[in-house]
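Asks: Provided below for reference: sequence and predicted model.
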Amino acid sequence: MITEHHKDDAALFLGDALENLSGLATGSVDCIITSPPYLGLRDYGVEGQIGLEESLDDYLDNLTAVFMEAHRVLADDGTFWLNIGDTYGRGSRPLAQPAQTFEKSRNKEKRPQDGRSLRLRNKSLIGIPWKIAFALQDRGWLLRSEIIWHKPNPTPEAIKDRVTRSHETIFMFSKQERYHFDVDAIKEAGVDGETLVRRKDVWTIPTRSYKEAHFATFPEALIEPMVRSGCKPDGVVLDPFSGSGTTGAVALREGRKYIGIELNPEYMEIQRRRLDFPEPTIYLFDASYGQSGQPAST
Ligand SMILES: C[S@@+](CC[C@H](N)C(=O)[O-])C[C@H]1O[C@@H](n2cnc3c(N)ncnc32)[C@H](O)[C@@H]1O
């Protein structure tokens with residue numbers, strides 16, 4: 001648990017990911033760990049949110065823009081860890097409208113028109129993680145690992161014509177061929193249950209929600225190996241979609257510095273309390289921040 005104030009170790013930015021990243025200095029963070037909103041899954045209730053785009057292409061374009069700005073902000077020897085979920089095509093039904101909201105909207109006039117649908121057959125798995133990985137590869141990110149986060153306690157599904165989903169994808173990218181990676185810091189028990197061996201790319205970690213958050217949060221155990229291996233001991237970890245601040249809690253506990261960006265003021269407040277971060281120092285976006293290093297506003 002974080003009990004001290006981390007005024008000098010952390011910065012929290014309330015606002016849009018792309019806008020706030022653009023205010024950070026080039027090469028100023030050592031490790032980026034994030035999980036963006038999944039497509040069409042949830043309405044976070046804030047204008048400007050990613051995940052409710054009218055088409056898959058718009059969603060991919062928005063995420064790509066954020067992660068290319070993140071590329072600029074990351075140090076040349078840094079790593080970028082991206083957890084992203086997949087979803088299914090809905091035929092002619094809108095893709096990026098949360099199912100509940102759509103079902104409630106009985107008035108046909110209000111239903112989204114053509115163009116919101118995806119040119120993918122109803123029920124077809126989209127492959128979103130790989131689509132975004134290929135887009136980032138094309139623009140210069142070096143894709144180093146595909147890690148499978150295996151959830152032994154997946155959300156039960158009512159679907160009876162396929163197996164239950166119990167994993168998500170985490171990609172690790174770098175900017176350069178040589179980068180900081182502490183392979184010894186994250187060894188795991190081998191088959192004999194005792195000898196420590198190099199960590200493999202399937203991580204079995206139960207999902208776990210942060211008590212105050214009503215949305216999907218990272219389990220802290222998922223973030224620990226990323227911070228320990230991917231961020232140098234005195235480095236800075238950034239999460240541009242930071243929600244309840246799980247990345248920040250782990251980064252600070254592991255002795256790193258932390259920058260969190262979050263659009264939703266309620267989630268930012270959860271994060272501020274979780275990190276025991278003093279109230280007046282949540283920054284609002286100001287393009288001059290990168291130069292002045294001062295909070296733009298309180
Ligand atoms: C999957 S959640 C992240 C949860 C986080 N990993 C945690 O452990 O709490 C995605 C977050 O992105 C935020 N978000 C959505 N659109 C955003 C945007 N344009 N800029 C910044 N944050 C955004 C949502 O409010 C939500 O908190």
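Replies: Right, received. Where do you want to start?

Asks: so where do the helices sit in this protein?
Replies: Taking DSSP state H to define them, one finds helices in the chain at 17-22, 56-73, 99-104, 128-138, 220-230, 246-253, 265-274, 289-292.

Asks: So which residues on the chain come close to the ligand?
Replies: Applying CB under 6 Å from any ligand atom, we find that the chain lies next to the ligand at 16-17, 35-37, 44, 48-50, 213, 215-218, 241-244, 246, 261-264, 267. Any C-beta I mention is one placed from the backbone N, CA and C, and that applies to glycine too.

Asks: Restrict stretch 157-164 to CA atoms and write it as CSV.
Replies: Once non-C-alpha atoms are left out, stretch 157-164 reads as follows in CSV (Å, rounded to 0.1, in the frame of the first residue of the first chain):
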residue,chain,number,x,y,z
GLU,A,157,-20.3,-16.7,-21.1
ALA,A,158,-23.8,-17.8,-22.2
ILE,A,159,-22.6,-18.7,-25.7
LYS,A,160,-22.9,-22.4,-26.5
ASP,A,161,-21.3,-22.7,-30.0
ARG,A,162,-17.7,-21.9,-29.1
VAL,A,163,-15.3,-22.3,-26.2
THR,A,164,-15.2,-19.7,-23.4
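
Asks: If you count neighbours, what's buried in the longest strand along the chain?
Replies: Ranked by residue count under DSSP state E, the longest strand found in the chain is strand 74-84. Along strand 74-84, the positions that meet the burial threshold by neighbour count (16 or more other CB atoms under 10 Å) are 74, 75, 77, 78, 79, 80, 81, 82, 83, 84.

Asks: would you turn those residues into JSON lines with pLDDT?
Replies: Conversion of these to JSON lines gives the following (pLDDT from 0 to 100):
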{"residue": "74", "pLDDT": "98"}
{"residue": "75", "pLDDT": "98"}
{"residue": "77", "pLDDT": "98"}
{"residue": "78", "pLDDT": "98"}
{"residue": "79", "pLDDT": "98"}
{"residue": "80", "pLDDT": "99"}
{"residue": "81", "pLDDT": "98"}
{"residue": "82", "pLDDT": "98"}
{"residue": "83", "pLDDT": "98"}
{"residue": "84", "pLDDT": "95"}
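
Asks: And for whichever residue of the stretch 101-250 of the chain sits closest to the ligand, nearest residue in space, chain neighbours not counted?
Replies: Residue nearest to the ligand within the stretch 101-250 of the chain: residue 243 (2.7 Å; CB to the nearest ligand atom). Nearest in space to residue 243, with sequence neighbours left out and distances taken as CB to CB, 6 or more residues apart in numbering, is residue 267 at 5.3 Å.

Asks: Can you report how many residues lie near that neighbour?
Replies: For residue 267, the count of nearby residues is 25 (other CB atoms under 10 Å).

Asks: again with the one 4 residues further on
Replies: Using other CB under 10 Å, residue 271 has 29 neighbouring residues.

Asks: hmm, who's touching stretch 185-204?
Replies: 145-152, 170, 183, 222, 225, 228-229 (CB atoms under 8 Å, 6 or more residues apart in numbering).

Asks: Buried only: go through those residues for me.
Replies: The neighbour-count criterion (16+ other CB under 10 Å) marks 147, 149, 151, 170, 222, 225, 228, 229 among the contacts of stretch 185-204 as buried.

Asks: State the phi and psi torsions of residue 166.
Replies: Residue 166 adopts backbone torsions of phi -140, psi 20, taken as degrees, to the nearest 10.

Asks: How much space separates the most centrally placed residue in the chain from residue 231?
Replies: With distances taken as CA atoms, centre = their mean, residue 35 lies nearest the centre of the chain, 1.5 Å away. Distance of residue 35 to residue 231, given as CB to CB, to the nearest Å: 17 Å.

Asks: Next: residue 179.
Replies: The value you get for residue 179 to residue 231, if CB to CB is used, is 11 Å.

Asks: Residue 259 too?
Replies: Relative to residue 231, and taking CB to CB, residue 259 is found at 12 Å.

Asks: so where is the chain shaky, pLDDT-wise?
Replies: Within the chain, the stretches falling below the threshold (pLDDT under 70) are 1-7, 92-119, 279-298.

Asks: Thank you kindly, that will do.
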